[in-house]
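# Need the 3D shape of this:
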Amino acid sequence: MLYTGAVIISFRDLEARRPLVSRQNLINGKQDATQAVASGIFQINTAVSTFQRLVNALGTPKDTPELREKLHKTRLHIGQLVKDTSAKLKQASETDHSAGISASKKVADAKLAKDFQAVLKEFQKAQRLAAERETSYAPSVPKAVLPSSYSADE
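Next up is the predicted model:
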């Protein structure tokens, strides 16, 4: 093991390319609330980008029932991430009101709260656009799916 300041690195961790975790970020073997919130916001941001990409495909030839199912599942996944991250943000905020919490941690948590609100706003915009497009456009159904009794004119 190497001890480099506040970070302890095992050679196995280096070989496995595991992320470095400082001792200060671990409380009873669990991830620090601030780090958990940051991770949650990152996951939400990534999922919202995926959601926006799917929304942009609505009304195009890529708009299929499968795409709409992916859109629905992604929306539900984001909802769960928001719920989890919101709870962690609340936990971090409650911890910030304890005595002995550094000003820098309070500032970091306030910034995370602002970032969380920003990503929620982006998700809401994308949801509004999705609702507009889902009602305006019907998904493309491949011709092979239509019953053979239909002619091309129908």
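
# only C-alpha atoms for contact and neighbour calcs from this point on.
OK.

# what sits against the most centrally placed residue in the chain?
For the chain, the residue nearest the mean C-alpha position is residue 44 (1.6 Å; Cα atoms, centre = their mean). Residues in contact with residue 44 (Cα atoms under 8 Å, 6 or more residues apart in numbering) are 78, 81, 82, 119.

# Touching, the second one and residue 43? I think so.
It stands for residue 81. Yes. With contact defined as Cα atoms under 8 Å, residue 81 reaches residue 43; the gap is 7.5 Å.

# What are the buried residues along the longest helix seen in the chain?
In the chain, assigned by DSSP state H, the helix with the most residues is helix 103-136. Neighbour-count burial for helix 103-136 flags 106, 109-110, 112-113, 115-116, 119-120, 123, 126-127, 130, 133-134 (criterion: 16 or more other Cα atoms under 10 Å).

# Find the residue closest to residue 59 in space, skipping its chain neighbours.
residue 137 (5.3 Å; Cα to Cα, 6 or more residues apart in numbering).

# Report how many residues lie close to that neighbour.
12 (other Cα atoms under 10 Å).

# what's the answer for residue 60, then?
Residue 60, neighbours per other Cα under 10 Å, totals 12.

# Quick check on it: phi, psi?
Main-chain dihedrals, residue 60, degrees, to the nearest 10: phi -110, psi 170.

# which residues of the chain fall in strands?
Listed from the start of the chain, the chain has strands (DSSP state E) covering 2-4, 7-9, 26-27, 30-31.

# low-scoring pLDDT stretches of this protein, where are they?
1-31, 99, 142-154 (pLDDT under 70).

# Could you list the domains of it?
Per automatic domain parsing, the domain ranges recorded for the chain read 1-28, 32-137.

# Next, the distance between the ends of the last one.
Between the opening and closing residues of domain 32-137 we find a distance of 45 Å, counting by Cα to Cα, to the nearest Å.

# starting at the chain centroid, how far to it?
5 Å (Cα atoms, centre = their mean, to the nearest Å).

# picking that back up, could you export the contacts of residue 44 as a markdown table, including distance to residue 64?
Listed next are these as a markdown table, based on distance: Cα to Cα, whole Å:
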| residue | distance to residue 64 |
| --- | --- |
| 78 | 21 |
| 81 | 26 |
| 82 | 27 |
| 119 | 27 |
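
# For these, name the two members farthest from one another.
Pairwise distances across the contacts of residue 44 peak at 11.6 Å for 81 and 119 (criterion: Cα to Cα).

# Many thanks, we can stop here.
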